[in-house]
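1. Structure, please.
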Amino acid sequence: MTARRWGGRMAEVSEDRPGWTARLNETGTERGRPGLVSRLGILSGLVAPVVLGVYLYWGAVVADDDRHDGYDWIVQPMSHLGDDDDVVGTWFSYVQLATVVLLVLFGLAVLHRIPRAKMVGRLTIATAVPTAALAVTRCLDGTRQLDSGEYETHCQGEMVHNLHVFAAITIGVAILATPAWAAKDLPAEGSYRGFKTASGWAWKLAFAGGILHIVVWLTDLQLVGVSERAFWLAGYGWIVVGSGFMIANWRADDRVPFSLDLVQAGALRAPRSWDAMGVVAIRFFDVRQFRSWLGWALSTGLVTPDRPDPDRRRMVTVLLTSAGVRKLGFGVPRCYPAGLLDEADPTWPFFEGAKRRAADNGDVGDSAPDRWAAEWKNADAVLWLRAPDREGLRTLRLDVGASLPPGLVATDLATCEAMRDDDGEIVEHFGFRDGLSRTWVEGLHDSHDESMRGGGKVVDGRFEQLALGEFVLGEVDESGDAFPLPSPFFVHGTFVVFRKLEQHVDRYQELVERVARRHPPPRAGADLEERADEAGAALVGRRRDGEPLATAPEDEPSRFAFGDDPEGDLCPMGAHVRRSNPRDALGFGGRPSHRRRILRRGMTYDEGGRRRGLLFVAVNARIGEQFEFIQRAWLNDGNAFRLGDTPDVIAGSWSGPKRLVVPGRPPTIHRIDRPLVTTRGALYAFAPSMAALGQLACGQRP
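-> Numbers count the residues shown, from 1 in each chain. Down below sits the predicted model:
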């Protein structure tokens, strides 16, 4: 451990990063069926003990011939077969060198195929070095039996003999260390959970065999050969068991079953009762300092997996922009053909960035990138902070800032605090309850949670969970497939879109009052305030208390659909909730909407009354087909809803005057000169998995 001073605080930083990184690496480094090296390695684990066993039997028979000094397997260890410069001794070297190759291949297979087994694979590969030394330092002078019945070895060159003994001891230590490490680090879940248990037994047997061998050697019992074989049998038995588990998963897709342990806390879920959120932009001019800080954040628990923790009072999610990914050397391999990385690739919009894609998203005029603060356009990383209240967020921000080394520059992009009405429900600045509908996703939410059902996809009138792959890269999505990724770095990660949206409350109030004066009243004698509320409900698709205009069960207001309202008689075709999530409004059993869903994680902000609005946050696996499609095709353009180029009044973005058609009998047409929302900053970021963060901290390439 070394101590470093960061921001006036002493922090302990572990230099032994591969250890904890191996524990974080739950995905392995190879997916799908094994490649050639893995296939050879799997078989090598079975071939190695067979080769050694055949040699022991054959060598003992030949050495026991009358033309030799004889060989007693009960008394003599295996290395005595390598004594003498004869055919048995020569083959001893050949077999040991062949074992070197087999051990290396087996170790590579472990690295590729077994989750969280990097250190185990490295130990196996490292064992090849003393095995090679054992082969080249054997005694060439031979062993002779004394009149007392004991065996004496005559070797020229004491140093060579000592190296031979040292190599044998090193292999013995490896036989103890490798299964012990496997029993400690292998996952207790997934396809290889049985291997963890078997490794524990192998380590116990090897330890018992080692103790037996030492006792026999110290007491001069004539059982050295038996005790040595008992020790080695545990080591090679562990290799056979490992090969067996890999063979059992030979043709399987060797992904670890998805678990929230694989992703960062806050990347996909966050407590709904927490009322404070902050976004901090990071620029790093020294990549090594960022890696070192990331290692500190992981080892100290600042950044953790998404595990249930009732005592959790803070949450930090580390995200990278495309600039940060390129600086760190991850993401798209250099050998990746440039022509293949295009709009068909789910990572392409991320690498393009929000600034380059702003015009297509409608961020023009006052919303154009040249009006954004520089921090939104120059960030390398983003820290997404959550806390129960504003004071908790302030403390978290100070703690994070104090931990950053000088080479990392932090700038606040937004500080948010949820607004709540008298009933404790979240509201936004236009006065409507917000966050009522939560996207219902398999693997993230309980499939029996009735409160989430309204956030699912509508299939033949039923609400079902959305596929996990719509939000987690590398998992199966609504198409029934997992989209190929340009790098394993993206596996089990997700993309996050941040947009700082200023809400012009005065423009909204002026618009709804104008609509209220011209639009037919909901009932005779309604005053202007009531008519304005009705006009606002028509624009949003909900009333201020959150009740949807579409048909919904009384006890489940979030469980509504538009299939029974094809003409927009109940909920207007241009209403915000209908355009942002059409559900089954576009026909075809609701399928056009299934691949356009996002996890929405926004929260209001208020900059002292000068500017106020919403920090919009969208979590999705394909920015182009999810967030951008919603923004471009549904919110900025009304063609899908038979509204021509009429934008969504609430969240649409455009420049120049537009017309607004408010349905009714008769409908009314209004001119809108300026949007009700202005984009003050936008950023595309990527939330790596816990394994990828560990590899980033260590400078490893997935």
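
2. wait, doesn't V515 sit right on T668?
-> Yes. Between V515 and T668 there is a contact at 6.8 Å, judged by Cβ atoms under 8 Å. Yep, even glycine has a C-beta here, placed from its N, CA and C like the rest.

3. Pull up the overlap in contacts between the two.
-> Jointly contacting V515 and T668 under the rule Cβ atoms under 8 Å, 6 or more residues apart in numbering are V662.

4. burial of I74, as a residue count?
-> I74: 11 surrounding residues under other Cβ atoms under 10 Å.

5. Number the chain from 624, please
-> Done: numbering now begins at 624, and the last item shifts to I697.

6. Do I have it right that it meets L844?
-> No. Assessed by Cβ under 8 Å, I697 is found out of contact with L844, at 10.3 Å.

7. quick one: which of V1138 and T1291 has more around it?
-> Comparing V1138 with T1291 by other Cβ under 10 Å, the one with more neighbours is V1138, at 22 against 16.

8. before we move on, which element is the more buried one in?
-> helix 1128-1141 (DSSP states H and E).

9. What ranges in the stretch 924-1073 of the chain fall below the confidence cut-off?
-> Low-confidence segments of the stretch 924-1073 of the chain, defined by pLDDT under 70, span residues 953-967.

10. What are the boundaries of the strands in it?
-> Using DSSP state E, counting those that start in this stretch, the strands of the stretch 924-1073 of the chain run over 938-943, 1004-1010, 1031-1040, 1042-1043, 1049-1050.

11. can you list the ones you listed in TSV and add mean neighbour count?
-> Below are those laid out as TSV (neighbours: other Cβ atoms under 10 Å):
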stretch	mean neighbour count
strand 938-943	25
strand 1004-1010	24
strand 1031-1040	18
strand 1042-1043	15
strand 1049-1050	19
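
12. Distance to R914 added to these, as JSON lines?
-> Shown next, in JSON lines, are the strands of the stretch 924-1073 of the chain (distance: least, Cβ to Cβ, whole Å):
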{"stretch": "strand 938-943", "distance to R914": "12"}
{"stretch": "strand 1004-1010", "distance to R914": "11"}
{"stretch": "strand 1031-1040", "distance to R914": "11"}
{"stretch": "strand 1042-1043", "distance to R914": "39"}
{"stretch": "strand 1049-1050", "distance to R914": "38"}
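
13. Nearest to P1111 among those strands would be which one?
-> With Cβ to Cβ as the criterion, P1111 lies closest to strand 938-943 of those, at 15.3 Å.

14. which outside residues touch stretch 1063-1075?
-> So stretch 1063-1075 is contacted by 881, 883, 891-892, 1061, 1076-1079, 1086, 1088-1091, 1093-1095, 1098, 1179, 1181, 1222 (Cβ under 8 Å, 6+ apart).

15. Mark which of the residues you listed are buried, thanks.
-> 881, 883, 891-892, 1061, 1076-1079, 1086, 1088-1091, 1093-1095, 1098, 1181, 1222 (16 or more other Cβ atoms under 10 Å).

16. on that earlier part again, so what does the helix holding V1138 touch, helix or strand wise?
-> With contacts taken as 3 or more Cβ pairs under 8 Å, 6 or more residues apart in numbering; DSSP states H and E, helix 1128-1141 sits against helix 1151-1163, strand 1291-1295.

17. Determine the angle, from 0 to 180 degrees, between the last one and helix 1151-1163.
-> Compare the direction of strand 1291-1295 with that of helix 1151-1163 by axes from the mean of the first three to the mean of the last three Cα atoms, to 10 degrees and you get 80 degrees.

18. right, and the helix or strand after strand 1291-1295?
-> Next helix or strand after strand 1291-1295 toward the C-terminus (DSSP H and E): strand 1300-1310.

19. same deal with the longest one?
-> Sequence-wise, the next helix or strand beyond helix 1151-1163 is helix 1199-1203, with elements assigned using DSSP H and E.

20. List of residues touching the next helix or strand after that following helix?
-> Remark: after helix 1199-1203, the chain's next helix or strand is helix 1214-1217, criterion DSSP H and E. The contact list for helix 1214-1217 (Cβ under 8 Å, 6+ apart) reads 1080-1081, 1089, 1093, 1101, 1204-1209.

21. model confidence over the helix holding V1138, on average?
-> What helix 1128-1141 shows for mean pLDDT is 91.

22. Give the buried residues for that helix.
-> Under 16+ other Cβ under 10 Å, the buried positions of helix 1128-1141 are 1130-1131, 1134-1135, 1137-1139.

23. For the nearest residue in space to G833 that is not next to it in sequence, give me its contacts.
-> Leaving aside its chain neighbours, G833 sits nearest to F854 (5.3 Å; criterion: Cβ to Cβ, 6 or more residues apart in numbering). Contact analysis of F854 by Cβ under 8 Å, 6+ apart lists 795, 798, 829, 832-833, 835-836.

24. let's see it at 6 Å
-> When contacts are counted by Cβ atoms under 6 Å, 6 or more residues apart in numbering, F854 touches 832-833, 836.

25. name the element it belongs to?
-> helix 847-871.

26. buried set for that helix?
-> Neighbour counts over helix 847-871 (16+ other Cβ under 10 Å) mark 847-862, 864-866, 868-869 as buried.

27. and the next element down the chain from it?
-> strand 899-907.

28. hey, C-alpha coordinates of stretch 717-732 in PDB?
-> Taking only C-alpha atoms (Å, rounded to 0.1, in the frame of the first residue of the first chain), the coordinates of stretch 717-732 have been written out as PDB:
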ATOM      1  CA  TYR A 717      10.300 -34.400 -22.900                       C
ATOM      2  CA  VAL A 718       7.200 -35.100 -20.800                       C
ATOM      3  CA  GLN A 719       7.900 -32.100 -18.500                       C
ATOM      4  CA  LEU A 720       8.400 -29.800 -21.500                       C
ATOM      5  CA  ALA A 721       5.200 -31.100 -23.000                       C
ATOM      6  CA  THR A 722       3.400 -30.500 -19.700                       C
ATOM      7  CA  VAL A 723       4.600 -26.900 -19.900                       C
ATOM      8  CA  VAL A 724       2.800 -26.400 -23.200                       C
ATOM      9  CA  LEU A 725      -0.300 -28.100 -21.800                       C
ATOM     10  CA  LEU A 726      -0.400 -26.000 -18.600                       C
ATOM     11  CA  VAL A 727      -0.100 -22.800 -20.600                       C
ATOM     12  CA  LEU A 728      -3.000 -23.800 -22.900                       C
ATOM     13  CA  PHE A 729      -5.100 -24.800 -19.900                       C
ATOM     14  CA  GLY A 730      -4.300 -21.500 -18.200                       C
ATOM     15  CA  LEU A 731      -5.400 -19.600 -21.300                       C
ATOM     16  CA  ALA A 732      -8.600 -21.500 -21.400                       C
END
